[in-house]
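J.: Okay, predicted coordinates and the sequence, questions at the end:
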Amino acid sequence: MDSFLIRGGNRLKGKVEISGSKNSALPILAACLLAEGKTVLKSVPRLSDIDSMVKLLGELGVHVYRHEPTEPPQGAMPPLNGNLDIEVRDERISEARYDIVKTMRASICVLGPLLAKRGRAVVSIPGGCAIGDRPVDLHVRGLQKLGAEFRTEGGNIVGTVPGGRLRGCRMYLGGAMGPTVLGTINVMCAAALAEGETVLVGAACEPEVVDCADLLIKMGAKIKGHGTPEIRIEGVEKLTGAEHRIIPDRIECGTFMMAAAITNGELELKHCNLDHLIAVQDRLDEVGVKITRENGTIFVASSRRLTPIEMTTQPFPGFPTDLQAQLMALLCLSDGMSVITERIFPDRFLHVGELNRMGGRIRKEGPTAIIQGVKEFQGAAVMCSDLRASAALVLAGLASRGEARLDRVYHIDRGYEKIEQKLKAVGADIERVSER
Ligand SMILES: CC(=O)N[C@H]1[C@@H](OP(=O)(O)OP(=O)(O)OC[C@H]2O[C@@H](n3ccc(=O)[nH]c3=O)[C@H](O)[C@@H]2O)O[C@H](CO)[C@@H](O)[C@@H]1O
Ligand SMILES: C=C(OP(=O)(O)O)C(=O)O
């Protein structure tokens with residue numbers, strides 16, 4: 001298992017290239033199950049979650065070919081992203097097994113496409129995870145409304161489509177915790193091949209939903225209203241492979257914005273979309289971080305006098321839960337008391353204990369964390385518990401006195417492409433060590 005050793009204190013300065021979005025690429029890969037012929041996806045990040053989805057698609061009869069970029073000159077950073085050719089070659093197997101689903105919750109995204117295209121799906125029920133309880137009831141209810149029937153059997157959701165084709169309808173898709181991102185994508189994908197019109201009311205508005213709708217439209221789907229809470233889908237008989245570039249990863253971009261801020265640094269973030277980070281920009285503005293943009297590049301600079309703030313996570317366009325832990329690490333070094341409330345995953349706080357081990361002063365009260373600013377972090381041995389908690393620990397390590405050791409960095413590898421190489425290139429002292 002790999003660890004990171006980080007010696008903090010260096011100001012980050014330079015350019016960072018932001019990768020394609022993990023959370024867009026994963027459901028988009030699953031959506032390829034719907035199409036006939038070849039789909040070409042560009043800017044797919046090289047991540048272990050993407051490998052897991054490619055493996056799952058392989059088991060479902062989908063051939064995925066990754067174009068390998070040419071090797072860089074010695075010492076230069078290896079190329080990012082990649083282009084994938086994807087083609088469904090065999091539709092006989094419709095089962096997503098537990099040993100893949102357990103490594104990656106986004107596996108649930110094959111449910112809607114399998115039902116719509118093959119009339120049958122067996123998908124292992126994803127359990128909870130380190131960020132809390134994560135039911136899939138809204139996915140199942142939405143697909144039921146389109147006419148699918150479900151039973152559970154041996155830990156699997158077994159779905160069938162009596163009559164062979166789903167039927168469109170008007171439905172409310174929100175839940176007690178608000179809209180569901182992957183649930184919206186799952187039902188939208190299924191509705192694309194259903195008979196008649198589907199209207200999804202209470203749909204998620206996240207950029208990843210819009211990106212998937214944009215691909216489906218290129219494949220021949222008739223979708224309107226994506227990016228708003230009401231999506232209209234007129235079902236078509238057939239979708240055909242298309243070419244599509246994945247949007248930039250707004251969570252990776254936000255993490256690097258905070259890396260600049262926490263190290264008193266200056267970063268130029270290439271290939272990003274600040275419109276996807278408007279709430280993050282708003283909160284960082286109030287903290288005192290200077291952010292400007294020019295076309296697809298974001299410039300971030302900080303003088304490290306950080307003002308304490310309040311922040312509540314919300315569905316898009318609100319502040320994303322996937323940047324909550326990273327913001328908390330930053331606010332640990334502000335001049336006073338900050339308050340963070342987590343409204344999407346109220347238990348997503350496993351980073352609190354580890355940040356406190358590094359010298360943070362954070363107290364948790366239910367879904368709220370109260371953060372008393374301290375002068376600096378101290379290096380310590382800490383444990384990564386989940387993807388974004390790990391990113392928060394990296395940020396704390398970059399700003400700590402002494403050496404921080406982060407164990408179980410396989411969590412980071414799920415979602416940050418070549419993170420230590422990108423950080424090293426802008427001046428961080430970070431090293432990956434492997435222990436067998
Ligand atoms: C791979 C991917 O894209 N993951 C993202 C996606 O996860 P994911 O799509 O799984 O998250 P959801 O938007 O579905 O979750 C939002 C809330 O709804 C609840 N809920 C969800 C589904 C359901 O059937 N029933 C239910 O009650 C969840 O427990 C949570 O409280 O959006 C989350 C919220 O922005 C992000 O943190 C994840 O990084
Ligand atoms: C929580 C995340 O991913 P997943 O939904 O795949 O667990 C994330 O990307 O922060």
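T.: Done, it's in. Ligands and ions are numbered 1, 2, ... in the order given.
J.: how about the residues of the stretch 201-350 of the chain near ligand 1?
T.: Applying CB under 6 Å from any ligand atom, we find that the stretch 201-350 of the chain lies next to ligand 1 at 204, 208, 320, 321, 322, 344, 345. Yep, even glycine has a C-beta here, placed from its N, CA and C like the rest.
J.: Farthest pair within those residues?
T.: Greatest spacing in those, by CB to CB: 208 and 345 (16.6 Å).
J.: Just want to know which of the two has more residues nearby.
T.: A count of neighbours by other CB atoms under 10 Å puts residue 208 above the other of residue 208 and residue 345, at 26 against 19.
J.: where's the closest residue to that one other than its chain neighbours relative to residue 364, distance?
T.: Sequence neighbours aside, residue 24 is the residue nearest to residue 208 in space, at 4.3 Å (criterion: CB to CB, 6 or more residues apart in numbering). To residue 364, residue 24 is 31 Å away according to CB to CB, to the nearest Å.
J.: which one of the two has more residues nearby?
T.: Higher neighbour count among residue 24 and residue 364: residue 24, with 29 against 16, using other CB under 10 Å.
J.: Surely that one is in contact with residue 211?
T.: Yes. Using CB atoms under 8 Å, residue 24 is in contact with residue 211, at 4.4 Å.
J.: Now list whatever residues contact both of the two.
T.: 246, 247 (CB atoms under 8 Å, 6 or more residues apart in numbering).
J.: circling back: and which of the residues of the stretch 201-350 of the chain next to ligand 1 is nearest to ligand 2?
T.: residue 322 (4.0 Å; CB to the nearest ligand atom).
J.: and that closest one, how many neighbours?
T.: Quick note: residue 322 (other CB under 10 Å) scores 24 neighbours.
J.: Dihedrals phi and psi, it?
T.: phi -70, psi 0 (degrees, to the nearest 10).
J.: now the end-to-end length of stretch 274-281.
T.: 8 Å (CA to CA, to the nearest Å).
J.: List the buried residues of that stretch.
T.: Residues 274, 276, 277, 279, 280, 281 are the ones in stretch 274-281 that count as buried (16 or more other CB atoms under 10 Å).
J.: what sits up against that stretch?
T.: Stretch 274-281 is contacted by residues 207, 247-248, 250, 253-254, 257, 291, 293, 298, 314, 317-320, 323 when judged by CB under 8 Å, 6+ apart.
J.: one more time with 7 Å
T.: 207, 250, 253, 254, 257, 291, 293, 298, 317, 318, 319, 323 (CB atoms under 7 Å, 6 or more residues apart in numbering).
J.: Over to stretch 124-143?
T.: Residues from elsewhere that reach stretch 124-143 (CB under 7 Å, 6+ apart): 96-98, 101, 105, 107-108, 111-112, 115, 150, 152, 155-157, 159, 171, 173, 175, 180, 183, 186-187, 190, 345-348, 350, 385-386.
J.: please redo it, this time with the cut-off set to 6 Å
T.: 96-98, 101, 105, 108, 150, 155-157, 173, 175, 180, 183, 186-187, 190, 345, 347-348, 350, 385-386 (CB atoms under 6 Å, 6 or more residues apart in numbering).
J.: Mark which of those are buried, thanks.
T.: Looks like the contacts of stretch 124-143 have 96, 98, 101, 105, 108, 150, 156-157, 173, 180, 183, 186-187, 190, 345, 348, 350, 385-386 buried, using 16+ other CB under 10 Å.
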